[in-house]
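[1] Take this sequence and fold it.
(one chain, ligands or ions: 1)
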Amino acid sequence: SAVDKMGFPYYMAKEIFEQPSCIRRILSNYLLNNEIELGFNGELDKALQSFNRICIVACGTALHAGMMGAQLFKKWCGIPVEIEMASEFIYSDTVLDSDTLFIAVSQSGETIDTLEAMNKAKENGALCLAILNVRGSSISRVADYTLYTDAGPEIAVASTKAYTTQLLIFYLVALKTATVRGKMSEEDVASAIDNLRKVPEAIQTVLGQKDFIHRLAKEVITASDLFMIGRGLDYYVLMEGALKLKEISYIHSEAYASGELKHGPIALISEGTPVIAAVTQTHLIPKSLSNVKEIRARGANVVLLAKNELKGEFSEEYHVIGLPDLEDEYMAFPEIVALQIYCYFVSADKGLDVDKPRNLAKVVTVE
Ligand code: G6P
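    Numbering: from 1, shown residues only. All right, here's what the predicted structure looks like:
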């Protein structure tokens, strides 16, 4: 076939391992002499100057990429952003007008809800930007501008390289928007680009830890529930991690913002409940750790996702997956790859069909 597994037992493994090269491809497509070049002869750059509201819509994994994107636009550009599931957006009363930038995210470009959402945005006069993987897909024909993730065919139902490449496009568009609006100094943009250039190697480093992550994954194959907790950007990455786990391992998993634990979810924690806690956002670590202690006191088995520089501090008390020390804003990349590997091994060790989970389709073309 045109796409084989290149020696990996499942497409999902192959696609996880392709991520460093997918990220490099985007960087070389969209960076020119250390400047972000989105194409369209500067037309899109100009459009990015004038809207005053952003609305991001997608489904599934693409929705999680959109959630991260929303945080970046808020952080770097100070623009109000709404993020909505495509299936709900179609009926919602979200404000849409010619001052709105509407962004649809989709690997396939064919998801019916996302397509209909863009049709609605267009009818209401919004500027429509699509972030897609498959060229020539239906959503690209409606969009005013399409930025491609060019990750190559993604065969496994559970999305991996599509997510990290969608994330990267969001980083580039948010940085470009901040630049054209004078919201970020030249030095800050240069340093952001520097950080993005470190991402492929950071992912490579995580891939190199697959045997260690595999050992941790083995411990949860009989679990019925697994919770993921974190704050700030970690929370959005964990939402994607929890989706991955439920999709391919059939273990019930949810991500919770650590601060919400005491408002309900902590009732679900008992002796032996597995929890993955992410603590990659430096300013939030003290708050997050106090939540981790609370659940530990109730018997949770905790695996921490932390930067390597802090691994030593935690490794006496916890199992720690040490992640490369990127700046906080860029930790999503190594963090999600660690989670992808973890979920992959849980599914494979359970003897499940990793690439074709029950009840799920790669592309959903019915409402
Ligand atoms: C399906 C797939 C998911 C995907 C979602 C959105 O549910 O199983 O992996 O995230 O559709 O697909 P899209 O092609 O629009 O990104």
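[2] In the protein, which residue sits closest to the ligand?
    As assessed by Cβ to the nearest ligand atom, the ligand sits closest to residue 60 within the chain, at 2.8 Å. The C-beta positions use only the backbone N, C-alpha and C, and glycine is treated the same way.
[3] ok, that residue - contacts?
    159, 243 (Cβ atoms under 8 Å, 6 or more residues apart in numbering).
[4] Quick check: phi and psi on it?
    phi 60, psi -130 (degrees, to the nearest 10).
[5] and the longest helix belonging to the chain, what does it pack onto?
    In the chain, with assignment by DSSP state H, the single longest helix is helix 161-180. The elements that helix 161-180 packs onto, with contact taken as 3 or more Cβ pairs under 8 Å, 6 or more residues apart in numbering; DSSP states H and E, are helix 19-30, strand 35-36, helix 43-47, helix 60-72, strand 127-132, strand 145-148, helix 186-197, helix 332-349.
[6] Past the third one, which element shows up next along the chain?
    Once the chain leaves helix 43-47, the next helix or strand it forms, by DSSP states H and E, is strand 53-58.
[7] and what of the fourth one?
    Per DSSP H and E, the first helix or strand lying C-terminal to helix 60-72 is strand 81-85.
[8] What angle do strand 53-58 and that next one make with each other?
    20 degrees (axes from the mean of the first three to the mean of the last three Cα atoms, to 10 degrees).
[9] The next helix or strand after strand 81-85 vs the ligand: in contact?
    Next helix or strand after strand 81-85 toward the C-terminus (DSSP H and E): helix 86-89. No: Helix 86-89 is not in contact with the ligand by Cβ under 6 Å from any ligand atom; minimum separation 8.0 Å.
[10] For helix 86-89, list the C-alpha coordinates in CSV.
    Backbone C-alpha positions of helix 86-89 (Å, rounded to 0.1, in the frame of the first residue of the first chain) are rendered in CSV as follows:
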residue,chain,number,x,y,z
ALA,A,86,-18.8,22.0,16.1
SER,A,87,-21.8,19.9,16.9
GLU,A,88,-23.1,22.5,19.4
PHE,A,89,-22.0,25.6,17.4
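[11] Adding mean pLDDT, write the helices and strands packed on helix 161-180 out as JSON lines.
    Output for these, formatted as JSON lines (pLDDT from 0 to 100):
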{"stretch": "helix 19-30", "mean pLDDT": "97"}
{"stretch": "strand 35-36", "mean pLDDT": "96"}
{"stretch": "helix 43-47", "mean pLDDT": "96"}
{"stretch": "helix 60-72", "mean pLDDT": "98"}
{"stretch": "strand 127-132", "mean pLDDT": "98"}
{"stretch": "strand 145-148", "mean pLDDT": "98"}
{"stretch": "helix 186-197", "mean pLDDT": "96"}
{"stretch": "helix 332-349", "mean pLDDT": "98"}
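[12] Could you list the residues of the stretch 251-367 of the chain in contact with the ligand?
    Proximity of the stretch 251-367 of the chain to the ligand, by Cβ under 6 Å from any ligand atom, involves residues 360, 362-364.
[13] Tell me the one of those nearest residue 134?
    residue 363 (9.2 Å; Cβ to Cβ).
[14] residues in contact with the closest residue to residue 298 other than its chain neighbours?
    Nearest residue to residue 298 in three dimensions, chain neighbours excluded: residue 269, at 4.7 Å (Cβ to Cβ, 6 or more residues apart in numbering). Going by Cβ under 8 Å, 6+ apart, residue 269 touches 227, 275, 295, 298-300.
[15] now residue 256
    Contacts of residue 256 by Cβ under 8 Å, 6+ apart are 227-229, 235, 265.
[16] how about a markdown table for the residues you listed, with neighbour count added?
    Converted to a markdown table, the contacts of residue 256 look like this (neighbours: other Cβ atoms under 10 Å):
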| residue | neighbour count |
| --- | --- |
| 227 | 24 |
| 228 | 25 |
| 229 | 29 |
| 235 | 23 |
| 265 | 17 |
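[17] how about CSV for those residues, with pLDDT and secondary structure added?
    Below are the contacts of residue 256 laid out as CSV (pLDDT from 0 to 100; DSSP: H, G, I helix; E, B strand; the rest coil):
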residue, pLDDT, secondary structure
227, 98, strand
228, 98, strand
229, 98, strand
235, 98, helix
265, 89, helix
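[18] Just checking, which helix or strand succeeds the host helix or strand of residue 201 along the chain?
    Following DSSP H and E, one finds residue 201 within helix 199-207. Where DSSP H and E defines the elements, the next helix or strand beyond helix 199-207 is helix 210-218.
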